[in-house]
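Q: pasting the structure only:
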């Protein structure tokens with residue numbers, strides 16, 4: 001009789017530890033991280049001095065190495081997997097001397113309309129010295 005109770009108690013303890021261990025995955029992310037408000041896939045409508053008008057998709061994600069930074073994937077339509085790292089604070093995005101795919105980016109963006117619109121003004125310096133001036137509007141998809 002003692003072995004049955006002991007076995008039943010052991011099963012209950014194992015089951016409870018599995019349940020408690022599983023609950024760790026249910027912990028919600030830090031809601032104080034303001035970057036969460038803009039993490040999404042965006043449609044970019046861009047006016048470039050050198051390339052003209054274009055429309056494409058940009059993914060914005062968190063830089064987990066720095067809580068003040070975001071990652072802009074496919075910025076300037078360079079292709080997914082090619083990213084710019086930008087500072088983000090108080091609805092302001094700053095890009096300073098960021099190199100990607102042999103281009104150097106400088107500029108800024110403002111988040112507006114309840115985090116559903118981002119306006120960017122930036123420059124792109126090419127290896128040959130040409131500089132492109134770009135105005136881009138990002139809207140949520």
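A: Right, received. Where do you want to start? Note that the structure is predicted; figures quoted are calculated from it, not measured. Residues are numbered from 1 along each chain as shown.
Q: and the one residue sitting closest to the centre of the chain, how far from residue 102?
A: Against the mean C-alpha coordinate of the chain, by CA atoms, centre = their mean, the closest residue is residue 61 at 1.2 Å. Counting by CB to CB, to the nearest Å, the gap from residue 61 to residue 102 is 23 Å. The way it works is simple: take the backbone N, C-alpha and C, and place the C-beta from them, glycine included.
Q: same question, residue 38
A: Applying CB to CB to residue 38 and residue 102 gives a distance of 27 Å.
Q: between these two, who's got more neighbours?
A: residue 38 (21 against 9; other CB atoms under 10 Å).
Q: ramachandran angles for that one?
A: phi -120, psi 0 (degrees, to the nearest 10).
Q: quick check: residue 123 vs residue 131, distance?
A: 6 Å.
Q: these two: which has the busier surroundings?
A: Using other CB under 10 Å as the criterion, residue 123 and residue 131 rank with residue 123 on top: 15 against 12.
Q: on the C-terminal side of the helix or strand that one falls within, identify the next helix or strand.
A: Assigned by DSSP states H and E, residue 123 falls within strand 117-125. Counting by DSSP H and E, the next helix or strand C-terminal to strand 117-125 is strand 131-140.
Q: tell me what that next one is packed against?
A: strand 40-48, strand 103-112, strand 117-125 (3 or more CB pairs under 8 Å, 6 or more residues apart in numbering; DSSP states H and E).
Q: strand 117-125 and that strand, what's the angle between them?
A: Orientation check (axes from the mean of the first three to the mean of the last three CA atoms, to 10 degrees): strand 131-140 against strand 117-125 gives 160 degrees.
Q: and strand 131-140 with strand 103-112, angle?
A: 40 degrees.
Q: sheet partners, orientation included, of strand 131-140?
A: strand 40-48 (antiparallel), strand 117-125 (antiparallel) (DSSP bridges).
Q: now those in JSON lines, with distance to residue 77?
A: Conversion of these to JSON lines gives the following (distance: least, CB to CB, whole Å):
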{"stretch": "strand 40-48", "distance to residue 77": "7"}
{"stretch": "strand 117-125", "distance to residue 77": "11"}
